[in-house]
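A.B. asks: I would like the atomic coordinates for the input below:
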Amino acid sequence: MCPIQLNRVVRDDATDLIRANRASQDYHLPWVTSFTDQAGFDAWFARCLTGPNVGLVARERVSREIVGVVNINEIVAGAFHSAYLGYYGMSKFGRKGMMTEALKSAVDYAFDDLGLHRLEANIQPANRASIALVRRLGFQQEGFSPRYLRINGEWQDHERWALLADRREADSSC
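C.D. replies: Alright, predicted model coming up:
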């Protein structure tokens, strides 16, 4: 049985997510600034309710603690059938393989349930853990984007990593 359970975010996740994000702020920096209050949760949750964004919450199956968050953003159908993938894990579960399982489940959800053809993850070059994570899942580096995203008030360079539905490795571990 998979050690994590991945579900779309619901309002009842707020308290646990805020607590987990607060406990992991130093772990997340400088890669991401996660919300740490109800207003931040509400803004993120509202983006996930309608439109082109899906927010997923990964919990450890036994303890029900938050392992991490996965966002499938800017979903475009039609001829494109693609989206951007964003994610972050919680410090308590760092280096235990839980986010690998969470991200694998999210990729399966994106391809199998949402019917997407392509997922792209944009990662800062110095974020070695995140690059190793997408590599484990079969993502291929496609390029480099200078000053691609504004993070913590600064434009940051990113590497572009992508995975196609028909190129993912079949693995039914979860």
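A.B. asks: which residues in this structure form helices?
C.D. replies: 14-23, 25-28, 38-49, 98-108, 128-136 (DSSP state H).
A.B. asks: I'd like the distance between the closest residue to Asn127 other than its chain neighbours and Asp112.
C.D. replies: Leaving aside its chain neighbours, Asn127 sits nearest to Trp31 (5.3 Å; criterion: Cβ to Cβ, 6 or more residues apart in numbering). For the C-beta atoms, the positions are set from N, CA and C on the backbone; glycine is no exception. Distance, Trp31 to Asp112, by Cβ to Cβ, to the nearest Å: 28 Å.
A.B. asks: Out of the two, name the residue with the larger neighbour count.
C.D. replies: Using other Cβ atoms under 10 Å as the criterion, Trp31 and Asp112 rank with Trp31 on top: 17 against 10.
A.B. asks: returning to what we had before: the residue nearest to Asn127 contacts Gly86, correct?
C.D. replies: No - Trp31 is beyond contact range of Gly86, at 10.3 Å (criterion: Cβ atoms under 8 Å).
A.B. asks: which residues in the chain form strands?
C.D. replies: For the chain, strands defined by DSSP state E occupy the ranges 4-8, 54-60, 66-76, 82-89, 118-123, 140-151, 154-164.
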